[in-house]
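**Q** Pasted the sequence and its predicted model underneath.
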Amino acid sequence: MIRKTVNNVQEALEGIQDGMTFMLGGFGLSGIPENSITELVNKNVKDITCISNNAGVDDFGLGLLLKKNQIKKMISSYVGENAEFERQMLSGELDVELTPQGTLAAKCQAAQQGFPAIFTPAGYGTEVAEGKEVREFDGKMYVLEEAYKADFAFIKAWKGDEAGNLIFKGTARNFNPCMCGAAKVTVVEVEELVKPGELDPNQIHIPGIFVQRIFQGKDYEKRIEQRTVRQKK
Amino acid sequence: MALDKNGIAQRIAKEVKDGYYVNLGIGIPTLVANFVNDDIEVEFQSENGILGMGPFPFEGEEDPDLINAGKQTITALPGASFFDSATSFGMIRGKHVDLTILGAMEVAENGDIANWKIPGKMVKGMGGAMDLVASAENIIVAMMHTNRAGESKLLKRCSLPLTGVGCVTKIVTNLAVLEVTEKGFKLLERAPGVSVEEIQAATEGILIMDGEIPEMKL
């Protein structure tokens, strides 16, 4: 077994520098790497590019990095819940690259799996395809989208073992598996870090080969963005 | 009388057939699930990573690790599955999802759709909409026939930045059910009590009427 454990979030984030590109898992506020984001705020790393489906809300998730003007560029598919984000984007402080959600996932997965680029039909004929190569296959048009290049991927999993094998929970899985191994260094925080052998190999979602550093996370807030309920009859 | 949002959803629910996997967008499309007939087997997909999405949870049972594409807390029905975003859009791109229902700001008579951006005003992003409209073969748009200013949303050409080209197959509005054909919007049904003239007046694009247009049955 190859051990991937580090002692804490400080060790996990060793080597991060200003100007780097980070991938961050999560959809909305579900499955975001809360501990790593907090540490990025503490380290005050600047001029970063973030690849993440959303940009958090004003006071949580990536919104915490936006508030401190640490983000130079955001690559996302949907950024509608963040007033500070909108302000920075409209004022030109923040560079934003909006990308269709499936294309975003595919560009991460392409990086993970060694494809330099993929063809997707999403965005053909729209401003997303402007300046990109297009090609026809079987009578349908596709857009060439290149794999992302990132320095670190910050992942949140439910359970993991010391070998870096991961299991995700519910819809908190989202972009997290696609980003594992898609950056030079993949850092994973888990709610429950267990000994090798405690996870059933049949149930592993992501094998440890895609992970460089794993640590036991703490103090998860897991904020709910839209609390919707039904009444008991 | 023109339909309200629930009426539009109720009419669209009749398009959901036995054995369908269905992706519901945010807004009116979400309401469709409330009206689908109980005696058919249907699974709802939410593109953030669930098939077999159930109703909202009871109070106190909300799970932050279980949400839909609108970030609302949901439940998972027996037989449900979770998956990552690449797999989710793989099932969309690979045409495994049978029906996509989504909202729009504008639809053009050639099937173009715009629903993600108003330049200088609103830039929230396209989310999964571009992937959905580029791949799905069966796309129903749920929307009001006119905007708040009373202007038609069924146009000759979209004025807003496009989400996808030539992709919409059917439109259900508060006034009518229409099919997108090579010649324009074909009027299939009228909302109860709504006249053909009212629909014509609210439609900027070419409206094709073949014979008597029936009222919708809800």
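**A** Right, received. Where do you want to start?

**Q** Can you give me the end-to-end span of stretch B:201-211?
**A** Distances were taken as Cα to Cα, to the nearest Å; on that basis the terminal residues of stretch B:201-211 are 18 Å apart.

**Q** meant to ask about stretch A:222-233
**A** By Cα to Cα, the extent of stretch A:222-233 from end to end equals 28 Å.

**Q** neighbouring contacts of it?
**A** With contacts defined as Cβ atoms under 8 Å, 6 or more residues apart in numbering or on different chains, stretch A:222-233 is touched by A:28-30, A:34, A:57, A:60-61, A:81, B:55-59, B:61-62, B:64-65, B:67, B:70-74. Every C-beta, even on glycine, is put in place using the N, C-alpha and C of the backbone.

**Q** what about the closest residue to A:K107 other than its chain neighbours, which SS state?
**A** Residue nearest to A:K107 in three dimensions, not counting chain neighbours: A:Y148, with 4.9 Å by Cβ to Cβ, 6 or more residues apart in numbering or on different chains. Using DSSP: H, G, I helix; E, B strand; the rest coil, the secondary structure recorded for A:Y148 is coil.

**Q** burial count for A:Y148?
**A** Residues lying near A:Y148 (other Cβ atoms under 10 Å in any protein chain shown) number 23.

**Q** Following the helix or strand bottoming out on mean pLDDT in chain B in sequence, what is the next regular element?
**A** One helix or strand of chain B scores below all others by mean pLDDT, DSSP states H and E: strand B:122-123, with a mean of 74. Using DSSP states H and E, the helix or strand that follows strand B:122-123 in sequence is helix B:129-135.

**Q** Does that following helix reach chain A?
**A** Yes. Residues of helix B:129-135 contacting chain A under Cβ under 8 Å from any Cβ of the partner chain: B:A129, B:M130, B:D131, B:A134, B:S135.

**Q** Let's see if you can find the most crowded of those.
**A** Highest neighbour count within those, by other Cβ under 10 Å: B:M130, with 34 neighbours.

**Q** give the contact list for A:P116.
**A** Taking Cβ under 8 Å, 6+ apart, one finds A:A110, A:E146, A:A147 in contact with A:P116.

**Q** The last one - how many residues pack around it?
**A** Around A:A147 there are 19 other residues, counting by other Cβ under 10 Å.

**Q** just so I have it, where are all the helices in chain B?
**A** Counting by DSSP state H, one finds helices in chain B at the ranges B:5-13, B:28-31, B:85-93, B:129-135, B:196-201.

**Q** Which single one of the contacts of A:P116 is nearest to A:E39?
**A** Nearest to A:E39 among the contacts of A:P116: A:A147, at 26.6 Å, using Cβ to Cβ.

**Q** Can you check the pLDDT for the closest one?
**A** pLDDT for A:A147: 98.

**Q** which residues does B:V196 contact?
**A** B:V196 makes contacts with B:L187, B:R190, B:M209, B:I213, as judged by Cβ under 8 Å, 6+ apart.

**Q** switch to 10 Å and redo it
**A** Contacts for B:V196 (Cβ atoms under 10 Å, 6 or more residues apart in numbering or on different chains) come out as B:A176, B:L187, B:R190, B:L207, B:M209, B:E212, B:I213.

**Q** again, but for A:I206
**A** Here A:I206 is in contact with A:112, A:155, A:157, A:160, A:164-168, A:173, A:176-181, A:186, A:188, B:84 (Cβ under 10 Å, 6+ apart).

**Q** buried subset of these?
**A** Buried members of the contacts of A:I206, scored by 16 or more other Cβ atoms under 10 Å in any protein chain shown, are A:112, A:155, A:157, A:160, A:164-168, A:173, A:176-181, A:186, A:188, B:84.

**Q** Just these: which are in helices?
**A** Per DSSP H, the buried ones among the contacts of A:I206 map to helices at A:Q112, A:N176, A:P177, A:C178, A:M179.

**Q** Put together a markdown table for those, with distance to A:V134 and pLDDT on each row.
**A** Listed next are those as a markdown table, based on distance: Cβ to Cβ, whole Å; pLDDT from 0 to 100:
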| residue | distance to A:V134 | pLDDT |
| --- | --- | --- |
| A:Q112 | 25 | 98 |
| A:N176 | 31 | 98 |
| A:P177 | 29 | 98 |
| A:C178 | 24 | 98 |
| A:M179 | 27 | 98 |
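
**Q** now for the residues you listed, which pair is the farthest apart?
**A** The widest separation within these, taken as Cβ to Cβ, falls between A:Q112 and A:N176 and amounts to 11.5 Å.

**Q** tell me, what's touching those two both at once?
**A** Contact criterion Cβ under 10 Å, 6+ apart; residues bridging A:Q112 and A:N176 by contacting each: A:M23, A:A153, A:I206.

**Q** Now tabulate those in CSV and tack on secondary structure and pLDDT.
**A** Shown next, in CSV, are these (DSSP: H, G, I helix; E, B strand; the rest coil; pLDDT from 0 to 100):
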residue, secondary structure, pLDDT
A:M23, strand, 98
A:A153, strand, 98
A:I206, strand, 98
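
**Q** Mean pLDDT per element in chain A, and the minimum belongs to which helix or strand?
**A** helix A:83-91 (a mean of 87).

**Q** and that one, how far out from the chain's middle?
**A** Put simply, helix A:83-91 sits 21 Å off its chain's centre (Cα atoms, centre = their mean, to the nearest Å).

**Q** CA atoms only: put that helix into PDB for me.
**A** C-alpha atoms of helix A:83-91 as PDB (Å, rounded to 0.1, in the frame of the first residue of the first chain):
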ATOM      1  CA  ALA A  83     -23.700  39.400  -5.400                       C
ATOM      2  CA  GLU A  84     -20.100  40.200  -4.800                       C
ATOM      3  CA  PHE A  85     -19.200  38.000  -7.700                       C
ATOM      4  CA  GLU A  86     -21.500  39.900 -10.000                       C
ATOM      5  CA  ARG A  87     -20.100  43.200  -8.700                       C
ATOM      6  CA  GLN A  88     -16.500  42.200  -9.400                       C
ATOM      7  CA  MET A  89     -17.400  40.700 -12.800                       C
ATOM      8  CA  LEU A  90     -19.300  43.800 -14.000                       C
ATOM      9  CA  SER A  91     -16.500  46.100 -12.700                       C
END
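
**Q** For it, give me every contacting residue.
**A** With contact meaning Cβ under 10 Å, 6+ apart, helix A:83-91 is reached by A:54-59, A:62-63, A:66-67, A:69, A:71, A:74, A:76, A:79-80, A:82, A:93-96, A:98, B:120-124.

**Q** Could you identify the helix or strand that succeeds that helix?
**A** Helix A:83-91 is succeeded, C-terminally, by strand A:95-98 (DSSP H and E).
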